[in-house]
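K.L.:
Fold the following.
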Amino acid sequence: MWFKFISCFLCCCFVSNLFVFKVNATGVSVSARSAIVMVAATGEVLFSKNEREKRGVASTTKIMTAVVALENANLADKVIASETAITVEGTSIGLQKGNEVNLHTLLYGMLLESGNDAANVTAELVSGDKIAFAELMNDKAKQLGMFDTSFKNPSGLPEKDHYSTAYDMALLGSYAVKNPVFRSICSSKRYTAEISNPTHETTLYNHNKLLNKYDGAFGIKTGFTKAAGRCLVSAVEREGITLVAVTLNAYDDWNDHIKLYDYCFGLLSVNEIDLSMAVSDIAVVNSKKSTISLRLLKNLYVPYYKTIPEYEITYYIPRFVYAGIRKGDYIGWAEVYTKSGMLVDKIFIVAGESAPVMQTNFIEKDRR
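P.N.:
Numbers count the residues shown, from 1 in each chain. Below you'll find the predicted structure:
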């Protein structure tokens, strides 16, 4: 049986400064009407401009569409494209009525080519129709703390009461990039998809120019409508730190994001959180060793700007293990959350040594 225990502490008591980026004191200006830069691990805001103003977010909506799909369906799930789903204006991956396509391809179609048809077909795969799917989107938004957001469709095409804010979209982007499948897809520059009925291949290309323009960029999603203007949610990783930037209604979004990252990475310090205090050893049943040591698969380095946030750590470790454990075998994990409830990281705990099964020698008696 698993048990968990929680350690609450102020990080300044358990951290040691590792390095500090040079501070850029000149500030930065952007063309966007709304903008924000957020530390993905903690939700700390490094730059903001009208970040709480409600605006159209165009195809960056598809970030939520992808997240909901990943959490409610399997990548191999297939669906037949309906005429209703593919009859849509704007960008498309060219789906035709009757085409059979799996979720994996639909995700590439949404996140690379920004296919509105792919988004609609995804909604039908998961929920049966766009209305039911939008309810899942809004439920997820509330779970993430996106309280100034309302989704009405999976594609991001203009619709009454379909809006979000730069702050909410940064929360969404920070959450999405922690999903390894989402991250792998949105960082792909191209993908060759196979569609059935009839079977054919199509090559999908990523519209995110930052993948080529800025070192460390790996996502996330572009968007544009006349009503919303140019919208961009991006993510960059540098020295293990991931920042998420959002610009809404920007005429120079690529340069906006480059300036924001150059500035905000210069604000950060990085500290190591000591998780080892609760990971020492564990009891072993049916082995010559009564206990074995445990170790964390990696250290946790958390960036911060002005103040070191307070964290809550939950350890998931069994009370004991059975013999036959080998060094490096998975035992449990630790989850680190900010006090606001944002997941910072999940770190696996493994056996630090082996514990072979105890050998028992039996002597068979002569019964003659």
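K.L.:
Next one: Asn153 from Gln143, what distance?
P.N.:
20 Å (CB to CB, to the nearest Å). Any C-beta I mention is one placed from the backbone N, CA and C, and that applies to glycine too.
K.L.:
Same question for Arg190.
P.N.:
Distance from Arg190 to Gln143, by CB to CB: 33 Å.
K.L.:
same check, this time on His207
P.N.:
28 Å.
K.L.:
Look at these two and report which has more neighbours.
P.N.:
The neighbour comparison of His207 against Gln143 (other CB atoms under 10 Å) goes to His207, with 17 against 10.
K.L.:
Tell me what the nearest residue to the more buried one once chain neighbours are set aside is bridged to.
P.N.:
Closest residue to His207 apart from its sequence neighbours, by CB to CB, 6 or more residues apart in numbering: Thr222 at 4.8 Å. When assigned by DSSP bridges, Thr222 has beta-bridge partners Leu232.
K.L.:
contacting residues around Thr222?
P.N.:
59-60, 114, 207-208, 230-232 (CB atoms under 8 Å, 6 or more residues apart in numbering).
K.L.:
Now, of these, which are buried?
P.N.:
Buried members of those, counted by 16 or more other CB atoms under 10 Å: 59-60, 114, 207-208, 230-232.
K.L.:
Do a quick rundown of the helices in this structure.
P.N.:
All helices of the chain, identified by DSSP state H, fall at 62-72, 83-86, 103-111, 116-127, 130-143, 166-176, 180-186, 210-213, 253-265.
K.L.:
Specify the angle between the third one and helix 62-72 in degrees.
P.N.:
Interaxial angle, helix 103-111 versus helix 62-72 (axes from the mean of the first three to the mean of the last three CA atoms, to 10 degrees): 170 degrees.
K.L.:
Now helix 103-111: average pLDDT?
P.N.:
For helix 103-111, mean pLDDT rounds to 98.
K.L.:
Check the longest one too.
P.N.:
Helix 130-143 shows a mean pLDDT of 98.
K.L.:
what does that helix contact?
P.N.:
For helix 130-143, contacts defined as CB under 8 Å, 6+ apart pick out 64-65, 67-68, 71-72, 120, 122-124, 126-127, 149-154, 168, 172.
K.L.:
And stretch 75-91, by the same measure?
P.N.:
Counting by CB under 8 Å, 6+ apart, 59, 92, 95-104, 106-107, 113-117, 120-121, 123-125, 155, 157, 181, 197, 225 sit against stretch 75-91.
K.L.:
For ChimeraX, write the selection for the buried entries among those.
P.N.:
In ChimeraX, this line selects whichever of the contacts of stretch 75-91 come out buried by 16+ other CB under 10 Å:
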select :59,92,95,99,101,102,103,104,106,107,113,114,115,116,117,120,121,123,124,125,155,157,225
